[in-house]
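J.: Starting from these lines, generate the structure:
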Amino acid sequence: MGADSSQNQPKNQKVWRDGSGKAIDCQDKLRLLEQRLAEVRTMASETLADGLLLGVEETQLRQALRETTDSLANPFAAKPEAKPEPEPEKSE
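T.: Okay, here's the model as predicted:
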């Protein structure tokens, strides 16, 4: 068996896997993902701080942040096929 490509990644970096379980080893993809996650962390941290300053209870804020991420739709998920419109009846 070949070596797992996740061995090439730094020990502190999370191993990201594709749908088949294979480690993603493209450094450009990994760098982009880490940048996006850092942006989300920053925005979530600022939202938490703002809410606390406004007097909102911390547990409720954290729950709202979880619900927000849980509600995100997969933009690549299979979409149900649209049913074709019935053809208008022809009158003679």
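J.: Helices of this structure, start to end?
T.: Secondary structure of the chain by DSSP state H: the helices cover 27-53, 58-70.
J.: what angle do the last one and helix 27-53 make?
T.: Meaning helix 58-70. Here the directions of helix 58-70 and helix 27-53 differ by 150 degrees (axes from the mean of the first three to the mean of the last three CA atoms, to 10 degrees).
J.: Show me what helix 58-70 is packed up against.
T.: helix 27-53 (3 or more CB pairs under 8 Å, 6 or more residues apart in numbering; DSSP states H and E). Glycine gets a C-beta too; all of them are placed from N, C-alpha and C.
J.: chain center to the helix it packs on, what's the gap?
T.: Put simply, helix 27-53 sits 12 Å off its chain's centre (CA atoms, centre = their mean, to the nearest Å).
J.: what packs against it?
T.: helix 58-70.
J.: give me the low-pLDDT residue ranges for this structure?
T.: 1-12, 82, 91-92 (pLDDT under 70).
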